[in-house]
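Peer 1: Sequence and predicted structure below; questions after.
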Number of protein chains: 2
Amino acid sequence: MYETYQPLTPETVIDYARQRPELADIFRPGEALESVEVGDGNLNLVFKVWAAAEPDRTLVIKQALPYVRLVGESWRLPTDRARIEAQALEVESRLCPQHTPKVYFFDPVMFCTGMQNLNRHIIMRKGLIDGISYPHFAEHIGVFLARTLAGTSDLVLDYRTKKEEVARFINPELCKITEDLVFTEPYRAHERNLYHKELEPQVLALQADDALRAEVAVMKEKFMTEAQALIHGDLHTGSIMVNQEETYCIDPEFAFYGPMGFDIGAVIGNLFLSYASHEVRTKDEQKRAAFRCYLTDTVIALWQVFVREFEQVGWAHADPIDMPRAYRDGYMLRLLQDSAGFAACKMMRRVIGLAGVADIRGIEDVHERAIAASLALNIAVPLIKQRASLTQIDDLVAIATAQRPTYPYPS
Amino acid sequence: MYETYQPLTPETVIDYARQRPELADIFRPGEALESVEVGDGNLNLVFKVWAAAEPDRTLVIKQALPYVRLVGESWRLPTDRARIEAQALEVESRLCPQHTPKVYFFDPVMFCTGMQNLNRHIIMRKGLIDGISYPHFAEHIGVFLARTLAGTSDLVLDYRTKKEEVARFINPELCKITEDLVFTEPYRAHERNLYHKELEPQVLALQADDALRAEVAVMKEKFMTEAQALIHGDLHTGSIMVNQEETYCIDPEFAFYGPMGFDIGAVIGNLFLSYASHEVRTKDEQKRAAFRCYLTDTVIALWQVFVREFEQVGWAHADPIDMPRAYRDGYMLRLLQDSAGFAACKMMRRVIGLAGVADIRGIEDVHERAIAASLALNIAVPLIKQRASLTQIDDLVAIATAQRPTYPYPS
């Protein structure tokens, strides 16, 4: 066992894995192990480790780095987020095991978590970039959202547990990243923003829009104050592993007690980012229309599944006198409107802010990239501004499908 | 020093006071001390202790009981609330010393707090019952609310401190009392409710009103999820000590991170309870009109002072790009509407629920008491139902002054 923190390497992780008693069911004493570092996130080292003789006997060992990888060692980050992630996975496993990777161990000295290697799955964002549909995704993510969100809220937990959980999942440093990168920097001139000069006129117009910034501030306030449920906190399509049969939500290191709509909005916003990207990624009109139809159908279906499931896992516990139908309906409507607002913020930050998405930033041609980015912004702005008028999920999708890119600008 | 918890008596508290080193400035070694137990709350012993030779050298020693006094030993309550109260007083003293009693010590073994004896002040509720006006109250309470609420919110605290404070002030048991007594029991048949049979038709109609219960559920959800500021949590006129010059807010044992409107609404709701009570308490029409005018002017003025002060202590810290004027105005409007909703819940619970107010329950004549109670309910219901339409404090007051009692019912 390691007694002090040190970053692992593809070599040392093998020795580390051999020493973990929890892995005795996976690896045999003395057998040859292999490993590779595959982390493409910003905050962690991620090693895949497997038995050389039988690669299906495998796990992932994820180690928290004490700084933001993308920015460098100057941006320090407490490794406590590894505890948060392990404990959030534990909660999610209890509530929704079918969509949560199995956790083998958490090592509070090395800030390492050993978990299921989802080696038959790919990052959903990559699949969406390639125009691949996942027919069960809407059902799976709707169930995951409803079970994890309702199941950690006041609707299900007793008053004391809920409040103790709020304290256990206080996650200041990672929340601060979201507060800055999602809710602050993209809407003002900021040195960390990152967009191409082609997009500048549209970005400057957006940043000059007082009414928009007022709405973003409302969403930020909600993010900072509304301790509604234990949210994943970073549920974009890069935190979802899929194949044609299964869906897993990974990486809940941003987890804390926040507004449910932030998770729902993260999923919806990322589906709309994909929608915007296929404006240029899919040249064939019929194929583009079909894939976009899959994306918008998925948004509609995941919300319907969420509502259906929430009825079972959330409202089933609610006393109908204390929480009459009008309240329950109003609650779901507020969630829908919150989801629209958070989806919009997630989209704007991905186009204007530091951390872009491969869906759009990966488009090679600058002109095409600007078209997709422009459309993404044009979907986001009415989504947040008109969210109070939404009454059903179709309204939300209708806003998205009605938009066109502003770029190229009329000369 | 006491090494284990034991309830003090008027005799043992003297010995206890002698042993506290923090009181060396107040009491001289060996001099005669006198004491009396004056607690009229539900949760604590409250002793006044003074030097027999010079009664102005005095303090209050407040000890948390491990059960709810009103109900008896069966309703256990953790004495941790004494720590919460002492720490909340410390925060309030820092932000608003002129309206917070000075704390001399907190003893975590005996759950005792030694604090300033406000012996030149009376409980505000008693003064209001007697029809006494406090000309500086609106200014004082407006300042207290703005400084303590803005000063503990995300507007002023850095991201990490705010979240650590949320965890430090987790107060599950006392919040549960409010959740039950303010937001649940009064709106349904419940064995702990307490009202006179004269009022029953109106209470049953109120409890049968689905739309009302839906709005109460929204306020309850806000209370349980919105960690906006460190709120006092029980700021009724029985927690305020006044005279013609000064105002002190005492007893913040219900403090936790909750919605600001709960404190503002507690003050407004209790002023309106006084307003309703003088329907019968003051027989002289001119005197009644004058005192009610004082009460409604106070509601208007305290809100205006709150807004003025909040501008200084809250918004002065806000970046105008991140928080444009439209957001700041919307924030204050939401506070106004929240305050109306919480004021209404506080009023209804005081008429229907377990813990009444002397303003109304102290009216001897059953008939007159029913008139005042009926008016209080008739003010509360539109306050919560119409709160979304309020745009300024005058609207809120206009709702109250437009109401009449339903009792006696038309036969």
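Peer 2: Yep, that arrived.
Peer 1: Residue A:31 touches residue A:57, doesn't it?
Peer 2: No. Using C-beta atoms under 8 Å as the test, residue A:31 is too far from residue A:57 to be in contact (9.0 Å). C-beta coordinates here come from the backbone N, C-alpha and C atoms, glycine included.
Peer 1: and for the two, which residues touch both?
Peer 2: residue A:51 (C-beta atoms under 8 Å, 6 or more residues apart in numbering or on different chains).
Peer 1: So which bits of the stretch 101-250 of chain A are right by chain B?
Peer 2: A:154, A:159-160, A:162-164, A:166-167, A:170-173, A:175-176, A:179, A:184, A:187-188, A:210-211, A:213-214, A:217-218, A:220-221, A:224-228 (C-beta under 8 Å from any C-beta of the partner chain).
Peer 1: Could you check which of residue A:31 and residue A:57 is surrounded by more residues?
Peer 2: Neighbour totals were compared for residue A:31 and residue A:57, and residue A:57 leads with 18 against 12 (other C-beta atoms under 10 Å in any protein chain shown).
Peer 1: which secondary structure element contains residue A:265?
Peer 2: If you go by DSSP states H and E, residue A:265 is part of helix A:260-281.
Peer 1: helices or strands up against that helix?
Peer 2: helix A:124-129, helix A:137-151, strand A:229-231, helix A:285-313, helix A:325-352, helix A:358-361, helix A:366-385, helix A:393-401 (3 or more C-beta pairs under 8 Å, 6 or more residues apart in numbering or on different chains; DSSP states H and E).
Peer 1: Now do it against helix A:285-313, angle only.
Peer 2: Per axes from the mean of the first three to the mean of the last three C-alpha atoms, to 10 degrees, the angle that helix A:260-281 makes with helix A:285-313 is 170 degrees.
Peer 1: what angle separates helix A:260-281 from helix A:325-352?
Peer 2: Using the same axes, to 10 degrees, helix A:260-281 lies at 40 degrees relative to helix A:325-352.
Peer 1: buried ones in helix A:260-281?
Peer 2: Buried residues in helix A:260-281, counted by 16 or more other C-beta atoms under 10 Å in any protein chain shown: A:260-281.
Peer 1: Go through the residues of the stretch 101-250 of chain A next to chain B and flag which are in strands.
Peer 2: Among those, no member falls in strands (DSSP state E).
Peer 1: Okay, and which of the residues you listed map to helices?
Peer 2: Of these, the ones assigned to helices by DSSP state H are A:159-160, A:162-164, A:166-167, A:172-173, A:175-176, A:179, A:210-211, A:213-214, A:217-218, A:220-221, A:224-225.
Peer 1: What subset of those residues is buried?
Peer 2: When these are checked for burial by 16+ other C-beta under 10 Å, the buried set is A:162-163, A:166-167, A:172-173, A:175-176, A:179, A:213-214, A:217-218, A:220-221, A:224-225.
Peer 1: Give me the domain ranges for chain A.
Peer 2: Segmentation of chain A into domains, based on automatic domain parsing, reads A:12-115, A:122-401.
Peer 1: how about these, which one is nearest residue B:100?
Peer 2: Evaluated over the domains of chain A, closeness to residue B:100 peaks at domain A:122-401, with 24.2 Å, by C-beta to C-beta.
Peer 1: Off-centre distance for that closest one?
Peer 2: The chain centre lies 8 Å from the centre of domain A:122-401; the measure is C-alpha atoms, centre = their mean, to the nearest Å.
Peer 1: Any idea how far apart the tips of it sit?
Peer 2: End-to-end distance of domain A:122-401 (C-alpha to C-alpha, to the nearest Å): 27 Å.
Peer 1: Report the mean confidence score over it.
Peer 2: Domain A:122-401 carries an average pLDDT of 97.
Peer 1: Next one: the closest residue to residue A:332 other than its chain neighbours from chain B, what distance?
Peer 2: Once flanking residues are discounted, residue A:332 sits nearest to residue A:307: 6.0 Å by C-beta to C-beta, 6 or more residues apart in numbering or on different chains. Using C-beta to the nearest C-beta, to the nearest Å, we find residue A:307 at a distance of 18 Å from chain B.
Peer 1: How about residue A:223?
Peer 2: 10 Å.
Peer 1: try residue A:262
Peer 2: As defined by C-beta to the nearest C-beta, residue A:262 lies at a distance of 13 Å from chain B.
Peer 1: surely residue A:33 meets residue A:18?
Peer 2: Yes. Using C-beta under 8 Å, residue A:33 makes contact with residue A:18 at a distance of 7.0 Å.
Peer 1: Have a look at the two and say which one is more surrounded.
Peer 2: Shown here are residue A:33 and residue A:18; by other C-beta under 10 Å, residue A:33 has more neighbours (21 against 15).
Peer 1: residues touching that one, list them.
Peer 2: Residue A:33 neighbours (C-beta under 8 Å, 6+ apart): A:14, A:17, A:18, A:27, A:49, A:50, A:51, A:52.
Peer 1: Quickly note the distance from it to residue A:39.
Peer 2: Distance from residue A:33 to residue A:39, counting by C-beta to C-beta, to the nearest Å: 18 Å.
Peer 1: related to what we said a few turns ago, so which of the helices and strands packed on helix A:260-281 is the most surrounded?
Peer 2: strand A:229-231 (a mean of 29; mean count of other C-beta atoms under 10 Å in any protein chain shown).
Peer 1: I would like the residues contacting that one, please.
Peer 2: Contacts to strand A:229-231, defined as C-beta under 8 Å, 6+ apart, come from residues A:88, A:91, A:148-150, A:152-153, A:165, A:169, A:255-260, A:262-263.
Peer 1: Mind doing that once more with 6 Å?
Peer 2: A:91, A:149, A:152, A:153, A:169, A:255, A:257, A:258, A:260, A:262, A:263 (C-beta atoms under 6 Å, 6 or more residues apart in numbering or on different chains).
Peer 1: ditto for stretch A:91-108
Peer 2: The contact list for stretch A:91-108 (C-beta under 6 Å, 6+ apart) reads A:20, A:22, A:86, A:89, A:113-116, A:140, A:144, A:147-148, A:151, A:230, A:247-250.
Peer 1: Low-confidence regions, the stretch 1-150 of chain A specifically.
Peer 2: Applying pLDDT under 70 to the stretch 1-150 of chain A picks out residues A:1, A:41-42, A:67-78.
Peer 1: quick one, strands of it?
Peer 2: Applying DSSP state E, counting those that start in this stretch to the stretch 1-150 of chain A gives strands spanning A:33-37, A:44-51, A:54-64, A:67-68, A:72-76, A:103-107, A:112-116, A:122-123.
Peer 1: Redo those strands as CSV? Include distance to residue A:348.
Peer 2: As requested, the strands of the stretch 1-150 of chain A are exported to CSV (distance: least, C-beta to C-beta, whole Å):
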stretch, distance to residue A:348
strand A:33-37, 32
strand A:44-51, 26
strand A:54-64, 28
strand A:67-68, 21
strand A:72-76, 22
strand A:103-107, 34
strand A:112-116, 31
strand A:122-123, 22
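Peer 1: can you tell which of those strands is closest to residue B:205?
Peer 2: Evaluated over those, closeness to residue B:205 peaks at strand A:103-107, with 53.6 Å, by C-beta to C-beta.
Peer 1: Restricting to C-alpha, output the closest one in PDB.
Peer 2: What follows is strand A:103-107, C-alpha atoms only, in PDB (Å, rounded to 0.1, in the frame of the first residue of the first chain):
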ATOM      1  CA  VAL A 103     -16.700   0.400  -8.000                       C
ATOM      2  CA  TYR A 104     -14.200  -2.100  -6.600                       C
ATOM      3  CA  PHE A 105     -12.400   0.200  -4.200                       C
ATOM      4  CA  PHE A 106     -11.600   3.800  -3.200                       C
ATOM      5  CA  ASP A 107      -8.100   4.600  -1.900                       C
END
